[in-house]
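Novice: All I have is the shape, not the residue letters:
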């Protein structure tokens, strides 16, 4: 998957390499996934982007050709002027300053440029194709908001996870397992929004149907691959598989998962390992959680330094902000996970680039 | 870096590609780093491996040639018989079962084979070269055991981190910042050892001297690259940068780091971002923490399934275990981090493979 | 460089990764390069494609941002119906049959799909950017038609090659060094065109200004890298560097190039090595020649097998053909060479993909 | 495949990644392949290297484990002193000068260091494993010396190529199809040897049993992949597939290969395309030829420049030379080809590196 685009460029998009030929792609479903990520609606930025996907290549008579599938999303409601004032004023918590260093001041500074969360649109589109292909192979991926600020949703049951658990959250307003958590989360978001502030949270991802034996040792382990991808999603600052950080509270005798036999297959009675041992899938549900920081764009006064004059100055960011990017990151987590797994199933080999 | 070897094969080793030519390598220091990782001594497995490095190529008259530097470590004290009994009995918490699935039963099952923690020896060796090169460029990396089971060491000060903080822990028995934490940790380990059990913990890594602007967006961000590497270290199940998971408890106005000017440079007054914004280094100290699960090898009875007969059975693992791999993982974290940063500084380009 | 598109898809394009930030791109010159490759005009296919480049991202205020630069070229004059009749009739010399095997019949069969020579348009566009960047660094690339069918142009002087030699051919109708060869070539092409046939030839590329020491040993040598790229251009079936195949006629004492000193630099008195020794540039002009087969699309009756009915049948291809793709491949050779060299100078590291 | 080593380092070797698990490797046959490449014997350098392979990892109970298979070959008869005199005197036709530029003088200059033809030993070893695996899959690779200086052997019949044709040459002294050519070649070599000179030639490779549909378009085409590999073999300066350069003498109507049906399969009545169309295998025999320059090491006086004093000087190289590297390159061509094809069949994905 090769992403391109900036927040305010002509367009953003993705080139998906190495897809299997002949897959009948459901473009409506893909667009529906995009809509879950799109801005607009309550609890979200009011930037109006339809995120309409245009297929440039790689799809013929509705099916993947197997050659690079390129998708383009035009930037439509890009109010560049909102950002002109920010040209020399790096926003705290954003990549404005580091992007400036990295690209010597030549980066497109409008709206975060290539570092913008907007780049998750093509990531979502590309991964959305993988979601459909995996589903056709019996592999299901779902996510929910497990934590928002200090409030928690019910966790996925790592042993008895079901397809309904994966699909339920996407039918609820705030992608939670429990309805109550959703109501609590709404209040947290509304309050943050009123105060011109923002909140972060945890997204928990579950995968069902993954055959055992998937992955490679060391640098190409399942955790290494997923981690490379998940940390590519803007705002992610933490990641854990299975028991994760909580495993450090336990003795080995508590954290190890005993093996037993069920219907001719070897399973574990608990799933502290999150479906991965030694970087290879065990056949148990794959479970991981990503920590997303609060949206750095807030309506409060912050301190910055003018890049041109090198003077310290106050900054209040105008524009349209998401009180929490956790909501919009959710379908991105699902799609990104799908891409990693599909790439692994295909053999890790993407083609056609120099 | 290309690792090879199995726990009980002729040897294990590493081929380091793309090193700069002309670097005067201190082999004694490299061996000293290896010794910090090696088994033996109190609180460690009693397997006796000197982990003596033999340079096969890439070093000429004491200096790197720039062409592949290959290191070999012979396996000497491999008691294969200890493991013969385990051939058909996958150990809970290990990659025995998943490795079996991945390689169709042809993997070297002795001592975990290629999945063995022993592979961190060449990883440490390769990364140790990077540590020396980075140090010559003014970049310093250090780590300490931040948490062992439920006890905590002092954390690195993410804003005022100093070289002494990075170097102090490696002079103490248990690699802690505070002497008291070290004593507490010793007790925890001794107790676990007595009970035939094991404990996990958190390793915190700090990096000083990294110039701002290092990294690439999206899939090649600093967090993505480090994550791919750190999750390659056996036993790692979680990773967080800067505030990490704790950022989800805060409002954006609390988590954002204000910019200010100090000696002509733009710095942040706090460092919740851990030195990375948008996947690019900010010039502030780089801070991250990895969560390591308790050593899966324990002396207690566990349940497994015989791969041949498919019968459930009890298992008590003989052999020599580490009560906690956290201790031995520490220099590996330092070395692995160094390799990622060096690779990035060189431009991400390793050469010479097909 | 990541190419996408099919001959008759919505569009074709390229994503260029890892470009240096801040380069002032001359879009008019880039378009002029495209026009040299485009169909239309005498001696060429009459398909009318303006090959108008649209910059989607990666360019801001006229300069490269350093983040992925995406270019789109719409397919406009795609007469899909011409090809509908060919659906089940693989054309001799084309990739219709092999593409059918590779993609199980799901490939876009119209006009060769992703295998079409039309894909050299985005290759030319991407490489054209590299051409401009290299030129700003004092590296100049030029090509001429060295042979067309059995007639030869003057060869580049591998020792005393000058910028005029590189730039002259692109000002002549048929990109030759000598005007006479151009006239002969025109006659050859016209005659082939009249007979509904086609001819191939040799393109010779010269590069001036390349510093010595560029390249990596073994799999990443300069010859290996250029070869991977040049054989990616449709129709190329042979490649030689310096003396190439003719070196096999000589003794070592004849083929070796003696060293001498000129203005403080070590040069070779002859240049049989073509500017590359051991995969590394020597500082002498880089010289190579690619062999291009005659355009497989011809107006004569050929034999094929119907993929559906498996019946042998005669085939006469309609549509608009190039009597020789050598002409249009010329700017592609220049651009493709530029990309390889730029990628190498940057350190071989392209970024931003998963 | 990751090669390491220098001509006079402790050892040279290879790490083979991504091999299938469970393959019963015939180490005697592998060693026999090595012996065909090894120095010693008539018509070859008299350097005595047994090139004894030591398996370090990746082989368990005689079978591949699927994890990295590392092979080590110790350098035994390295007469470093022969080369000490050459330290500052780059040999014409060798990579001494370019290697000096590339590595700033820190390269191991003894015997060509990492650029030495000696590195083809591990390449041969790694590829030799691929040869065995491919053979078990019904894919057979063979090569012969098609041309030595100005004398020719019979060419492979590209349409009716048989296994005997592939296997015959390796049973003859000089790896020719016709016995007479072998005798002629011997005379040419002996004469060159007597005169302290050297000769080059063409190696022709044939592959039988390759299924159609193998390869990927553009940069990952079969020709691009093979070319990257073949040009990695020291001394190769040209490469052509099928008709290659000779295709430029023909009209399209002559060069195109008509399709016909034979036993339910689509074949071509001629094979000017060499088994590859559009970078994808057609199912016809794969045929290519590589041009190898005369051994640059000769016994005659040449001119060079002292790197330290910058004085021009005469040079007569002592040591032990091959009158023609074509002989020893032959098994390397076979092995290298095998690796490319196996890598492609596996999906192009090698694993386990950072």
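Specialist: On my side now, so go ahead. Keep in mind that what you see is a predicted model, and the values were worked out from it rather than measured.

Novice: Can you pull the residues of the stretch 151-300 of chain A lying near chain D?
Specialist: Listed as neighbours of chain D in the stretch 151-300 of chain A under the rule Cβ under 8 Å from any Cβ of the partner chain: A:216, A:217, A:218, A:219, A:220. No exception for glycine: its C-beta is placed from N, CA and C like everyone else's.

Novice: Same list, the residues you listed, but as a markdown table with secondary structure, neighbour count and pLDDT please.
Specialist: Shown next, in a markdown table, are those (DSSP: H, G, I helix; E, B strand; the rest coil; neighbours: other Cβ atoms under 10 Å in any protein chain shown; pLDDT from 0 to 100):
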| residue | secondary structure | neighbour count | pLDDT |
| --- | --- | --- | --- |
| A:216 | coil | 25 | 92 |
| A:217 | coil | 29 | 92 |
| A:218 | helix | 27 | 93 |
| A:219 | helix | 22 | 93 |
| A:220 | helix | 23 | 91 |
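
Novice: Pick out whichever of those sits closest to residue C:344.
Specialist: residue A:219 (24.6 Å; Cβ to Cβ).

Novice: in chain A, which helix has the most residues?
Specialist: helix A:326-346 (DSSP state H).

Novice: Run through chain A and note the low-pLDDT ranges.
Specialist: For chain A, residues meeting the criterion pLDDT under 70 lie at A:40-41, A:45-48, A:77-83, A:319-320, A:348-354.

Novice: show me where it has helices.
Specialist: With DSSP H, the ranges of helices along chain A come out as A:27-37, A:80-84, A:96-102, A:120-136, A:163-167, A:179-194, A:222-230, A:252-255, A:326-346.

Novice: As TSV, those helices with mean neighbour count and distance to residue B:181 would be great.
Specialist: What follows is the helices of chain A, written out as TSV (neighbours: other Cβ atoms under 10 Å in any protein chain shown; distance: least, Cβ to Cβ, whole Å):
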stretch	mean neighbour count	distance to residue B:181
helix A:27-37	17	44
helix A:80-84	14	47
helix A:96-102	25	33
helix A:120-136	24	40
helix A:163-167	14	40
helix A:179-194	17	35
helix A:222-230	26	28
helix A:252-255	22	21
helix A:326-346	25	34
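
Novice: Can you say which of these is nearest to residue B:87?
Specialist: Of all the helices of chain A, helix A:252-255 sits nearest to residue B:87, with 22.0 Å by Cβ to Cβ.

Novice: which residues touch the closest one?
Specialist: Here helix A:252-255 makes contact (Cβ atoms under 8 Å, 6 or more residues apart in numbering or on different chains) with A:243, A:247, A:272, B:93, B:192, B:197-200, B:293-298, B:300, B:302.

Novice: In strands only, show me those residues.
Specialist: Mapping these onto strands (DSSP state E) picks out residue B:302.

Novice: ChimeraX command to pick out the buried ones of the contacts of helix A:252-255?
Specialist: In ChimeraX, a selection of the buried entries from the contacts of helix A:252-255 looks like this (16 or more other Cβ atoms under 10 Å in any protein chain shown):
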select /A:243,247,272 /B:93,192,197,198,199,200,293,294,295,296,297,298,302
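
Novice: Give me the residues contacting stretch A:338-348.
Specialist: By Cβ under 8 Å, 6+ apart, stretch A:338-348 touches A:1, A:18, A:20, A:126-128, A:130-131, A:133-134, A:137, A:139, A:141, A:207, A:210, A:214-216, A:220, A:222, A:225-226, A:229, A:350, C:354, D:346-349, D:351.

Novice: Kindly recompute the last result at 7 Å.
Specialist: With contact meaning Cβ atoms under 7 Å, 6 or more residues apart in numbering or on different chains, stretch A:338-348 is reached by A:1, A:18, A:126-127, A:130-131, A:133-134, A:139, A:141, A:210, A:214-215, A:220, A:225-226, A:229, A:350, C:354, D:346-347, D:349, D:351.

Novice: Could you do stretch A:322-329 as well?
Specialist: If you take Cβ under 7 Å, 6+ apart as the criterion, stretch A:322-329 is touched by A:37, A:43-45, A:117, A:145, A:148, A:174-175, A:189, A:192-193, A:198-201, A:203, A:233, A:235, A:292, A:295.

Novice: how does it look with 6 Å?
Specialist: Stretch A:322-329 is contacted from outside by A:37, A:44-45, A:145, A:189, A:192-193, A:198-199, A:201, A:235, A:292, A:295, using Cβ atoms under 6 Å, 6 or more residues apart in numbering or on different chains.

Novice: And for stretch A:215-230?
Specialist: When contacts are defined by Cβ under 6 Å, 6+ apart, stretch A:215-230 is touched by residues A:236, A:239, A:241, A:276, A:279-281, A:290, A:336, A:340, B:3, B:114-115, B:224, B:227-228, B:231-232, C:354, D:351-352, D:354.

Novice: what's the closest non-adjacent residue to residue A:335?
Specialist: Residue nearest to residue A:335 in three dimensions, not counting chain neighbours: residue A:127, with 2.7 Å by Cβ to Cβ, 6 or more residues apart in numbering or on different chains.

Novice: ok, that neighbour to residue A:235 distance?
Specialist: Between residue A:127 and residue A:235 the distance is 17 Å, computed by Cβ to Cβ, to the nearest Å.

Novice: Same check on residue A:332?
Specialist: Using Cβ to Cβ, residue A:332 is found at 10 Å from residue A:235.

Novice: just residue A:145 next, same as before
Specialist: Distance, residue A:145 to residue A:235, by Cβ to Cβ: 14 Å.

Novice: and what of residue A:253?
Specialist: Distance from residue A:253 to residue A:235, by Cβ to Cβ: 37 Å.

Novice: give me every residue that touches the residue of the stretch 1-150 of chain A found nearest chain D.
Specialist: Taking Cβ to the nearest Cβ as the measure, the stretch 1-150 of chain A has residue A:67 as its residue closest to chain D, at 6.4 Å. Each residue near residue A:67 by Cβ under 6 Å, 6+ apart is listed here: A:58, C:114.

Novice: Please name the residues that touch the residue lying closest to residue A:291 once chain neighbours are set aside.
Specialist: Among residues not flanking residue A:291 along the chain, residue A:238 sits closest, at 3.3 Å (Cβ to Cβ, 6+ apart). Neighbouring residues of residue A:238 by Cβ under 6 Å, 6+ apart: A:291, B:240, B:244, B:245.

Novice: quick one on the thing from earlier: so which pair among the contacts of stretch A:322-329 is furthest apart in space?
Specialist: Using Cβ to Cβ, the pair of the contacts of stretch A:322-329 lying farthest apart is A:37 and A:192, separated by 20.0 Å.

Novice: what residues does the stretch 251-354 of chain A put near chain B?
Specialist: Within the stretch 251-354 of chain A, the positions near chain B by Cβ under 6 Å from any Cβ of the partner chain are A:251-253, A:255-261, A:266, A:277-278, A:280, A:282, A:291, A:293-296, A:298, A:300, A:302-305, A:312.
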